[in-house]
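> Could you look at this predicted model? Sequence included:
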Number of protein chains: 2
Amino acid sequence: MSRRRVSNPLALAVLSCLNERPMHPYEINTTLRRRGKEQSIKLNYGSLYSVVESLQKHGLITTRETSREGRRPERTIYAITPEGVEEFEDWLGELLSTPVREFTSLEAGLSLMAGLPPDEVARLLDQRSDKLRIEIRALEAAGDVAAEFDLPEIFSVEAHYRHAMLTAELAFVQQLAERIRTAELGGTKLWRRMHELFAEGTSFEQIAADPVAYLGEEARILQNEQPSP
Amino acid sequence: MSRRRVSNPLALAVLSCLNERPMHPYEINTTLRRRGKEQSIKLNYGSLYSVVESLQKHGLITTRETSREGRRPERTIYAITPEGVEEFEDWLGELLSTPVREFTSLEAGLSLMAGLPPDEVARLLDQRSDKLRIEIRALEAAGDVAAEFDLPEIFSVEAHYRHAMLTAELAFVQQLAERIRTAELGGTKLWRRMHELFAEGTSFEQIAADPVAYLGEEARILQNEQPSP
DNA sequence: GACCGAATACTCCATTTCGAGTAATCGAGT
DNA sequence: ACTCGATTACTCGAAATGGAGTATTCGGTC
């Protein structure tokens, strides 16, 4: 069980809205989208309604009134409770103050990249760099538009953060591709030789049985598997 | 429906192992852990077994043999199929070449940070900086150990990537805290005044009804809600 | 040789998540 | 007056996730 009674970040966004004033779930949805928060917090209907229900079950919000207009579906308006306010402040404080291990897709890819030959990885990383540059430019353009509307920076810190992260990723990816191509990255020769052997039809198991014979002195470390770093 | 028949990154890790040689699920588990991949790819039993089953159902792996030793649970050994190899290469290529929107907890926190008063946010960000520095040092220490064992860099690129990202995050967070304190961050005065009013008991709804009266000229933008940036 | 903790190898199932589907209403044009 | 796409407001169930629980065996030690 997670530390929070409701652990989906969307629940925090819900509390944040209800901290302003009572709303019904669909209004929370439109409010968050209007403010562009769905870029930073995963928001889909299924989760929204189940998260609201769960918040209510745990006493962090209460139903204020239910109304219906014509034959449209019933609308239930929710309000935040004092416990909800406390949870909101505590949770938001935790998000800001405490880094958590996140599993990103690039990290997964990098951790398995030895499964593809070095030249191909370098080429793929170049492609990524191109796409990253496009994304970065798009973010900058959006920032310029916001500035023109005199929208204070505080309403888009998330975007600035994303910009910083994308820029750092681009720098890393570019440098990595370069270091693979120049074999400056430790182990690249081993890696290249390995895929040359695969291309010739040698199996992984054959190589693993006697790495030094196939790959040279550098492969001594593979003898009894890498220790966990 | 997602583009991949099996979309959990753990499935890619499973394919990566079986690409070396046939294994049973628990052996995949220990192999990945021994190599420290569980730091980069979420790995728990429930997911492992259901992912393996799903991969088999889709023809990406096949059962090679089932054996049992004594009265221990049965072990089913799986092998990768040609379609599995293709999926592995294609998927890994996509992970490396194509950035995807990720929802990080800091980004969620930043997007809602206006819900806490500026001084507190600055303090929380300082706390985060301290913890980030500790994590960064731990990563560097692990890297030194790996270097001492002559473990080539290629086996821990993920860690280098994480290091780069943490460093960038630290720089951003430090700078943001500073810019909040100096009110250099656009909108900080508005934000501060807002929480002063809350502390005095003014409600959000009162302020929202006539922001300029409460917050001054700078609040004109709030009149009919921010456009999505 | 009996005992204990660690490792082996899963199983099970309560939650959670996701997004397609539904159904009514509004508003802008023809 | 009508039609057609957008918006409003949610429902539903299949699939994924997470992690506690189970049952056996091994390796050391008192």
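All right, it came through fine. Residues are numbered from 1 along each chain as shown, chains lettered A, B, ... in the order given.

> the domain parsing of chain A - what is it?
A:9-97, A:105-222 (automatic domain parsing).

> Take the ones you listed and write them to JSON lines, including mean neighbour count.
No exception for glycine: its C-beta is placed from N, CA and C like everyone else's. Putting the domains of chain A into JSON lines (neighbours: other Cβ atoms under 10 Å in any protein chain shown) gives the following:
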{"stretch": "domain A:9-97", "mean neighbour count": "17"}
{"stretch": "domain A:105-222", "mean neighbour count": "17"}
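
> Tell me which of those sits nearest to DNA strand D.
domain A:9-97 (3.6 Å; Cβ to the nearest atom of the strand).

> returning to what we had before: same list (the domains of chain A) but as TSV, adding distance to chain B and mean pLDDT.
TSV is the format used below for those (distance: least, Cβ to the nearest Cβ, whole Å; pLDDT from 0 to 100):
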stretch	distance to chain B	mean pLDDT
domain A:9-97	3	92
domain A:105-222	3	94
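
> Which one of those domains lies nearest to DNA strand C?
Of these, nearest to DNA strand C by Cβ to the nearest atom of the strand is domain A:9-97, at 2.1 Å.

> so how far is that closest one from its chain's centroid?
22 Å (Cα atoms, centre = their mean, to the nearest Å).

> Same check on stretch A:212-225?
On Cα atoms, centre = their mean, the centre of stretch A:212-225 falls 36 Å from the chain's centre.

> and it, anywhere near DNA strand C?
No: between stretch A:212-225 and DNA strand C, judged by Cβ under 7 Å from any atom of the strand, nothing touches; the nearest distance is 12.7 Å.

> Not counting its own residues, what contacts that stretch?
A:187, A:189-190, A:193-194, A:197, A:202, A:206-208, A:211, B:34-35, B:149-152 (Cβ atoms under 8 Å, 6 or more residues apart in numbering or on different chains).

> Same list, the domains of chain A, but as TSV with distance to B:Ala183 please.
Below are the domains of chain A laid out as TSV (distance: least, Cβ to Cβ, whole Å):
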stretch	distance to B:Ala183
domain A:9-97	19
domain A:105-222	10
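
> Mind putting those into a markdown table with distance to DNA strand D?
What follows is the domains of chain A, written out as a markdown table (distance: least, Cβ to the nearest atom of the strand, whole Å):
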| stretch | distance to DNA strand D |
| --- | --- |
| domain A:9-97 | 4 |
| domain A:105-222 | 12 |
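
> hang on, the earlier thing: looking at the contacts of stretch A:212-225, which are in helices?
A:Lys189, A:Leu190, A:Arg193, A:Met194, A:Leu197, A:Gln206, A:Ile207, A:Ala208, A:Pro211, B:Arg34 (DSSP state H).

> Make sure the fifth one is actually in contact with A:Ile207.
Yes: proximity of A:Leu197 to A:Ile207 meets the contact threshold set by Cβ atoms under 8 Å, at 6.2 Å.

> elements contacting whichever strand or helix holds A:Leu15?
In this assignment (DSSP states H and E), A:Leu15 forms part of helix A:9-18. If you count contacts as 3 or more Cβ pairs under 8 Å, 6 or more residues apart in numbering or on different chains; DSSP states H and E, helix A:9-18 packs onto helix A:25-34, helix A:45-57, strand A:61-67, strand A:75-80, helix A:82-97, helix B:105-112.
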